[in-house]
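Student: Next input, structure requested:
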Amino acid sequence: MRKLSLLFLSLILFIGIFFAGCGKEKEPKQILLDSIKKNAEIKSSSFDVKIDLTLDTSKLKGTNQELAPLQILNEVHMSINGKQTVEPMQYEGNLHVQGMNLIFDFPMILKENTFYMKLPAMIQSQIGDPKKQYVSLDMTEFEKTNDPQKTAEDNEKLAKVILNSLDGNAFIKEDSKKYSLTDGKVENAITIAITKENLKPFLQKFMAEGLPVLLEQYEKYAITDENKKELQKLKDELNKNKAQIDKTIKEIDKYLNLNTFKTTSVIDKDGFERKMLSTFDALVNLDQEGSIGIKLNVEVNQNDINKEQKFEMQIPSKEQTIDLNELENENMTLN
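Tutor: Below is the predicted model:
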């Protein structure tokens with residue numbers, strides 16, 4: 001039951017990332033759908049993301065060894081800042097992680113069809129070659145199949161499925177004056193609120209219509225062998241446990257006490273989503289294993305849209321990198 005409960009929680013959190021908005025003098029749902037089309041016009045931008053996660057494991061039963069992985073996440077703060085362009089596909093940024101009195105920084109670069117990320121010191125020590133400081137992933141195959149126009153159409157398709165899984169009362173048009181941008185004027189702010197009342201029908205409809213679309217899109221990004229294995233494993237588990245999943249959704253009130261789950265999209269006068277604010281606060285009941293409290297806050301800011309981006313990070317040398325597939329074959333992980 002623990003696996004199923006956490007699976008549903010992961011799906012719910014993942015869905016929240018897709019909520020976006022823009023428009024004027026339209027119904028909130030249509031404003032959100034129009035924003036997907038508008039965001040497809042973004043060819044370059046800078047961005048910063050802030051993620052704060054708090055887990056309350058005080059009522060969770062288990063041995064210290066069983067609870068250790070979750071206790072590491074008791075209070076974690078993450079941020080990602082960087083810049084990107086679509087054509088050519090280029091990206092640079094830094095992932096900053098703070099928790100358990102530890103601080104980690106992971107520089108990331110995407111250039112010339114190769115993605116690089118700095119390895120944690122723990123993994124570097126396991127490799128045995130002190131020169132190997134970065135993991136690399138060849139994006140050539142992805143680039144061959146990457147079609148920005150098709151991606152935009154896929155995003156719109158997924159957004160329609162997700163938004164149509166919610167009733168009209170879930171969409172709220174906020175007072176735009178409550179929000180501000182670093183540059184530009186706020187035109188609209190739309191909030192999607194999932195409540196105890198609309199959670200069950202939303203999950204039922206999403207599992208039937210939205211999940212297949214979501215898995216179809218994820219399959220396109222399953223580049224490594226490990227990614228493909230994980231995706232197939234997830235599909236098999238979902239098919240195997242379909243009856244149990246349906247039952248869990250019907251009895252969702254037993255397993256999930258939802259306090260807050262909402263996402264607000266802030267749109268500028270040009271129709272671009274410039275800021276996204278998400279909040280998730282719930283208590284997950286795990287039968288005999290106790291319960292776990294989860295609080296998640298996410299803020300995404302996007303600036304310098306369609307402006308020239310100056311990339312400054314240097315690409316690691318071949319001697320400094322290890323291929324991701326090679327790393328996975330050695331039974332290592334990036335966790």
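
Student: From the opening residue of stretch 263-283 to its closing one, how far?
Tutor: Criterion Cα to Cα, to the nearest Å; first-to-last residue distance in stretch 263-283 is 19 Å.

Student: model confidence over it, on average?
Tutor: For stretch 263-283, the mean per-residue pLDDT is 93.

Student: Could you give me the buried positions within it?
Tutor: Applying a neighbour-count criterion of 16 or more other Cβ atoms under 10 Å, one finds 263-268, 271-282 buried in stretch 263-283. Every C-beta, even on glycine, is put in place using the N, C-alpha and C of the backbone.

Student: Can you tell me how far the residue lying closest to M100 once chain neighbours are set aside is from L53?
Tutor: Ranked by Cβ to Cβ, 6 or more residues apart in numbering and with sequence neighbours excluded, the top spatial neighbour of M100 is I72, at 5.7 Å. Plainly put, I72 is 11 Å away from L53 if you go by Cβ to Cβ, to the nearest Å.

Student: Do a quick rundown of the helices in the chain.
Tutor: Listed in chain order, the helices of the chain (DSSP state H) span 2-16, 28-39, 64-71, 121-127, 140-145, 148-164, 196-205, 211-220, 225-240, 242-250, 252-255, 324-329.

Student: Kindly export the fourth one (C-alpha atoms) in PDB.
Tutor: Below are the C-alpha coordinates for helix 121-127, written out as PDB (Å, rounded to 0.1, in the frame of the first residue of the first chain):
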ATOM      1  CA  ALA A 121      31.700  13.900  -4.500                       C
ATOM      2  CA  MET A 122      30.300  10.600  -3.200                       C
ATOM      3  CA  ILE A 123      29.900   9.200  -6.700                       C
ATOM      4  CA  GLN A 124      33.200  10.700  -7.900                       C
ATOM      5  CA  SER A 125      34.900   8.700  -5.200                       C
ATOM      6  CA  GLN A 126      33.200   5.500  -6.300                       C
ATOM      7  CA  ILE A 127      34.400   5.900  -9.900                       C
END
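
Student: Which one's more surrounded, I72 and L53?
Tutor: L53 (18 against 13; other Cβ atoms under 10 Å).

Student: Tell me the bridge partners for the closest residue to that one other than its chain neighbours.
Tutor: Counting by Cβ to Cβ, 6+ apart, L53 lies nearest to V76, which is 4.7 Å off, once chain neighbours are set aside. Taking DSSP bridges as the rule, V76 bridges to L53, G99.
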